[in-house]
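Student: Attaching a predicted model along with its sequence, questions to come.
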Amino acid sequence: MKNVPKAIVVLWIGLLILLYWPLEVRAAAIQENDKPVPIMTWEVKWGNAHDRGFISEAKHYDEVWERQGIDKLENNMMNPPSGSLWTRLTIPEIQEDNDAIRFENIKGQHIVIYLEDQKVYENYHYNYDNNAVLLPLTMENSNQKLYVWAENTDGQMGIYGTVEVGPYSVLQGEFMRNGLLDVILGATFLFTALAMLSCTFFLGKFYTGLWISLIIVISSIGTMIITYSPFLYTFYQIHGNLYSVLFDLSMLTGMPALCYFFEQVIGSGPYRIFTKLRKFQLMYSMVAILALILYFVSSGEWDLFYVLLVQKGNGIILVILLTLLMIGTVTKALQRDREGILLAAGYGTFALVSIAELVFYYQRNGMYHLLWWKWAIVIFIVSLIAILGNRFAEKHTKVIEYSKELELFNNELQRSEKMEIISELAASVAHEVRNPLQVTRGFLQLMTEQEDSKNKGYVRIALEELDRASGIITDFLTFAKPEFDHIISLNIADEFDHIEGILVPMANLEGGKITTDIPPDLWIRGNSSKFKQAFINIIKNSIEALQGSGQIDIWAYAQDGTVKVHVRDNGEGMDEEALVRLGEPYFSNKIKGTGLGMMVTFRIVEAMHGEITFTSTKGVGTEAVVTFAEFVE
């Protein structure tokens, strides 16, 4: 799941390159003599109140035609005396039979086109009034009259945009480019949403709400781009009403999901404004969807609520919504939040472009075809996916951290259980074993005076082994009762003066050297004898690891309310497996070692509320770091 958002982004970039590359190559291949010829002027007249788009209505010669053109487009839209408009233009000289005429946009919900007396095109849909039209022509159509009848309940009608005559293949390329590209882009969004939906089952409960809301937003935007494209209304015009319903429904569905996504990313905001905005948008969308269904089922008869909530109110609500979300996004980005910065970059681009186009659309009374929002939204969706991908990456990192912590916890739990078992055994057995050992040692000492020289050697060995057994029992007792009866303030330098006096001769005997660098003003709380015992165990292990020669460095310092003591040697070192098991009972690198000495060292440091860590490299050496809380009088 971690790589899903990144793969989707790469897929989008690849598809956009594939979309544009063939079109640019094809456009470069158009020869100079194949360029379309624009038609700059035509004639218009207003229809009567009862016109239905019949050619006989256009040929009432008693009515005056007014000369119009590309420079007077708005006259066709403003304050019409009736709900329909006739436009008449003359086809220029056609050089070949494979020519065509292309209208960039004919405004009107109901469009009928005649070539002389023959109907060549008709299109009707209740809520979409932007019509791109491409009609084939032959040489016989040269200098013929072409009549366009447009009807619109909103009063906006007639030719809007360029009118061109030229080779059919060239005009079809432009025609397809302006429409089919929208369909492919929208289909890309829908495919992305479908791919994300298929991955939902593998998410568990991680960010399911964000994931589902993003799927709804992406699928809604994809549907809006497709159903807003002139391509469907031109080639599949029979379903025009359905496209309009799907467009409105997608917008009303996507807006609450968008509010929810933003609420999860930027928070509820001051006075929970974004939470309230999301709830308001949800309620508004539900009521507007009911009005849309009522309008569609009644075939446009019950249009009051639809006009107020969907056609008029929805655009205003959308502008307010985009503005408020933009303010929240910028505020989040100013806090140097990474998700806020991503959201501000993507959403800022989309919001500014969308608001500008909506304002321009209303300023021109709907005489503007919304275009750039479709491309700005690509940047926005990429930023949303990046935000979600960032959250998945953070979740993955946290899972790894939790796994490591759980492993450490399990290891510590196993160690604690082992220590508990040994502690119970030590407490119950140590005293009972020590007494017979002492009695046996006393009798062996008496026997030493009566034995000959040969048997004295055996007795001496027996006494040494008894002393070693007694030392093990002492370690058991120390482990079983790590609490100290006498807790005093310890000066680290003074304690190590005693330790050096004991261990420096031993190090010299083994061919090693001990150096210390301990300031005189380091104090901790603890038991002096146990402190010495712990560090004697650590340093003795370092001496034994030197194997005849080497260096042992000991230094200490205060840091952030703690005292750290380092013991480092350049002996044989340990591998990772041995380092992990260090401190376990009965684990030792020494031939006769029991592992109890280091186990007791860990126990003493723990009882003094300290911490001990080891780092080691095989063949390089080992370093122990013991940390205690600093005591300040």
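Tutor: All right, it came through fine. Numbers count the residues shown, from 1 in each chain.

Student: Can you give me the end-to-end span of stretch 289-306?
Tutor: In stretch 289-306, first residue to last residue: 9 Å (CA to CA, to the nearest Å).

Student: contacting residues around that stretch?
Tutor: With CB atoms under 8 Å, 6 or more residues apart in numbering as the test, stretch 289-306 has contacts from 126, 241, 245, 248-249, 252-253, 308-310. No exception for glycine: its C-beta is placed from N, CA and C like everyone else's.

Student: and with 6 Å instead?
Tutor: With contact meaning CB atoms under 6 Å, 6 or more residues apart in numbering, stretch 289-306 is reached by 126, 245, 248, 252, 309-310.

Student: which one of the residues you listed sits closest to residue 232?
Tutor: residue 245 (12.7 Å; CB to CB).

Student: what residues are up against the closest one?
Tutor: residue 296.

Student: The contacts of stretch 289-306: which two are farthest apart?
Tutor: Of all pairs in the contacts of stretch 289-306, the most separated under CB to CB is 126 and 252 at 16.8 Å.

Student: Now do residue 118 against residue 141, distance only.
Tutor: 10 Å (CB to CB, to the nearest Å).

Student: Between these two, which has more neighbouring residues?
Tutor: Between residue 118 and residue 141, residue 141 has the larger neighbour count (other CB atoms under 10 Å), namely 22 against 9.

Student: Skipping adjacent residues, who's closest to that one in space?
Tutor: Counting by CB to CB, 6 or more residues apart in numbering, residue 91 is the residue found nearest to residue 141 once chain neighbours are left out, at 5.1 Å.

Student: Now do the same contact list for that neighbour.
Tutor: 141, 144, 146.

Student: picking that back up, inside helices: which ones of the contacts of stretch 289-306?
Tutor: Among those, the members found in helices (DSSP state H) are 245, 248, 252.

Student: who's more crowded, residue 126 and residue 252?
Tutor: A side-by-side neighbour count of residue 126 and residue 252, using other CB under 10 Å, places residue 252 first with 23 against 18.

Student: quick one: the more buried one and residue 286 touch, right?
Tutor: No: if you go by CB atoms under 6 Å, residue 252 and residue 286 don't touch, sitting 8.3 Å apart.

Student: now the end-to-end length of stretch 93-106.
Tutor: OK, stretch 93-106 end separation, CA to CA: 23 Å.

Student: export whatever helix or strand residue 221 lives in as CSV, just CAs?
Tutor: Taking DSSP states H and E as the definition, one finds residue 221 inside helix 208-227. Extracted in CSV, the C-alpha atoms of helix 208-227 (Å, rounded to 0.1, in the frame of the first residue of the first chain):
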residue,chain,number,x,y,z
THR,A,208,-10.3,4.5,5.8
GLY,A,209,-12.3,7.7,6.1
LEU,A,210,-9.7,9.7,4.3
TRP,A,211,-9.2,7.0,1.6
ILE,A,212,-12.9,6.7,0.9
SER,A,213,-13.5,10.5,0.8
LEU,A,214,-10.6,10.8,-1.6
ILE,A,215,-12.1,8.1,-3.8
ILE,A,216,-15.4,10.0,-3.9
VAL,A,217,-13.7,13.3,-4.7
ILE,A,218,-11.6,11.8,-7.5
SER,A,219,-14.5,9.8,-9.0
SER,A,220,-16.8,12.9,-8.8
ILE,A,221,-14.2,15.1,-10.5
GLY,A,222,-13.7,12.5,-13.2
THR,A,223,-17.4,12.3,-13.9
MET,A,224,-17.8,16.1,-14.0
ILE,A,225,-14.9,16.4,-16.5
ILE,A,226,-16.5,13.7,-18.8
THR,A,227,-20.1,15.0,-18.6
